[in-house]
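**Student:** this is a predicted model, with the sequence first.
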Amino acid sequence: MAGLHDPEVVDLVAEEANGTALLVIVKEGRWDVDVDAPALRARLNTYAQFALDGGLYSHYPHLDRRSITIRLDSSTPPPTAITEVLSIAEAKLRPYGITLTTAVNPQL
């Protein structure tokens, strides 16, 4: 996986059991807000562009017309500064029908 600090890469695309297109951002290790907040903003922009400009459907045509969820997977819970970035992004993505979620996986 590219991880959080490669802003031009989509780490994982999958289809959830309910048919939703799932785009996953992977954040390994501990959070460093000064470095990770701008990196996360860049990654969220890449993912939104991939979803909204047709890249998702051109690479994965079977996901056409599906709901889209962007999920941030991290090894520890995001700190407050990161949840603020996520809240702003969620508000901007919601009108486009894109959901933003997080999941904590200590094994990352």
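**Tutor:** Sure thing, it's come through.

**Student:** neighbours around Ala21, how many?
**Tutor:** 22 (other Cβ atoms under 10 Å). (Each C-beta comes from the backbone N, C-alpha and C, glycine too.)

**Student:** which residues are in contact with the helix or strand hosting Phe50?
**Tutor:** Assigned by DSSP states H and E, Phe50 belongs to helix 33-52. With contact meaning Cβ atoms under 8 Å, 6 or more residues apart in numbering, helix 33-52 is reached by 4-5, 7-10, 21, 23, 25, 27, 55-56, 68, 70, 72, 79, 81-82, 85-86, 89, 92-93, 96, 98, 100.

**Student:** and the next helix or strand past that helix?
**Tutor:** Trace forward from helix 33-52 with DSSP H and E and the next one is helix 55-59.

**Student:** any idea of the mean pLDDT for that following helix?
**Tutor:** Throughout helix 55-59, pLDDT has a mean value of 94.

**Student:** may I have that helix as PDB, with CA atoms only?
**Tutor:** What follows is helix 55-59, C-alpha atoms only, in PDB (Å, rounded to 0.1, in the frame of the first residue of the first chain):
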ATOM      1  CA  GLY A  55     -11.700   7.400 -12.800                       C
ATOM      2  CA  LEU A  56     -13.400   5.000 -10.400                       C
ATOM      3  CA  TYR A  57     -15.900   3.900 -13.000                       C
ATOM      4  CA  SER A  58     -13.400   3.700 -15.900                       C
ATOM      5  CA  HIS A  59     -11.100   1.400 -13.900                       C
END
